[in-house]
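with the sequence up front, the predicted model follows.
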Amino acid sequence: MSSPKVLFGFHAVGVRLKTAPKSIIEIYYEPTRRDARMRQFLEKATEAGVRLIEADGLRLAKLAGSHGHQGVAARVEPVAQVHSLDDLLDSLTEPPLLLVLDGVTDPHNLGACLRVADGAGAHAVIAPKDHAVGINATVAKVASGAAETVPYFMVTNLARTLNELKERNIWCIGTSDDAPKTMYQVDLKGPVALVLGAEGQGMRQLTRKTCDELVSIPMKGGVESLNVSVASGVCLYEALRQRG
């Protein structure tokens, strides 16, 4: 069995409390915080029968590995996830909408991408094992609960995975500043994997070559590119808009 992990912050712990309260071993909270948000949170935890433990800010920071815990942290058991990307795709009853991240190593960016993916209804986020950050406490905090709801698959060979998606008739669309078409000129209503690279370097060459098509996000101002989480939001919500 996997060892327990730590979630911190109201959003991350609150989503687990809402979706899988029995997986929570215990919740640590700062008793000096008595505002309405904390009171409501503790009421929900008490109703769910979760063990509550008082802890000062220093103990919470050590537990969370961050001072951004908001006075709340929880030790939780892993929640059963879909075992593989193939299992997930086989279970879908609608055209897949996937977000593929190549070279995103910053946990804040990954957390924000997961949050956007959840909001837009993406079915999964995919990243390479050797050029990505895994799910850690910071990612979970920034994701505001989305790390619990959006499947995140780290694959050994991203180009091979993209080719496997293409064999399933999933159109792989990469984003590039120099692409002739814009995001708004392509059909995103069918099975789609949107492929984005980290800002600066962008996608690796092999990833770029493996995509079926490249598109750009129009940039009208002085900056040359968007943060990857913002770009993910632009692309995913355009797909959501087209799908009605």
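Structure's in. What do you need? Residues are numbered from 1 along each chain as shown.

phi, psi of the residue of the chain most remote from its centre?
Distance to the chain centre peaks in the chain at Thr32, reaching 31.8 Å (criterion: C-alpha atoms, centre = their mean). Phi and psi for Thr32, reported as degrees, to the nearest 10, are phi -80, psi -20.

would you mind measuring from it to Gly71?
8 Å (C-beta to C-beta, to the nearest Å). (Glycine included, C-beta is placed from N, CA and C.)

Val155 now?
Val155 is 37 Å from Gly71, by C-beta to C-beta.

quick one, which of those two is more surrounded?
Between Val155 and Gly71, counting by other C-beta atoms under 10 Å, Gly71 is the more crowded of the two (21 against 18).

what about that one, distance to Tyr28?
Gly71 is 9 Å from Tyr28, by C-beta to C-beta.

touching both of those two, which residues are there?
Common contact partners of Gly71 and Tyr28 (C-beta atoms under 8 Å, 6 or more residues apart in numbering): Leu60.

which residues does the lowest-mean-pLDDT helix or strand in the chain contact?
Least confident helix or strand, the chain: helix 146-149 with a mean of 84, by mean pLDDT, DSSP states H and E. Residues outside helix 146-149 that contact it (C-beta under 8 Å, 6+ apart) are 12, 15-16, 19-20, 79, 111, 114-115, 117-119, 135, 139-140.

the same query, at a cut-off of 10 Å, please.
7, 11-13, 15-16, 18-20, 23, 76, 79, 81, 110-119, 122, 125, 135-137, 139-141, 143, 152 (C-beta atoms under 10 Å, 6 or more residues apart in numbering).
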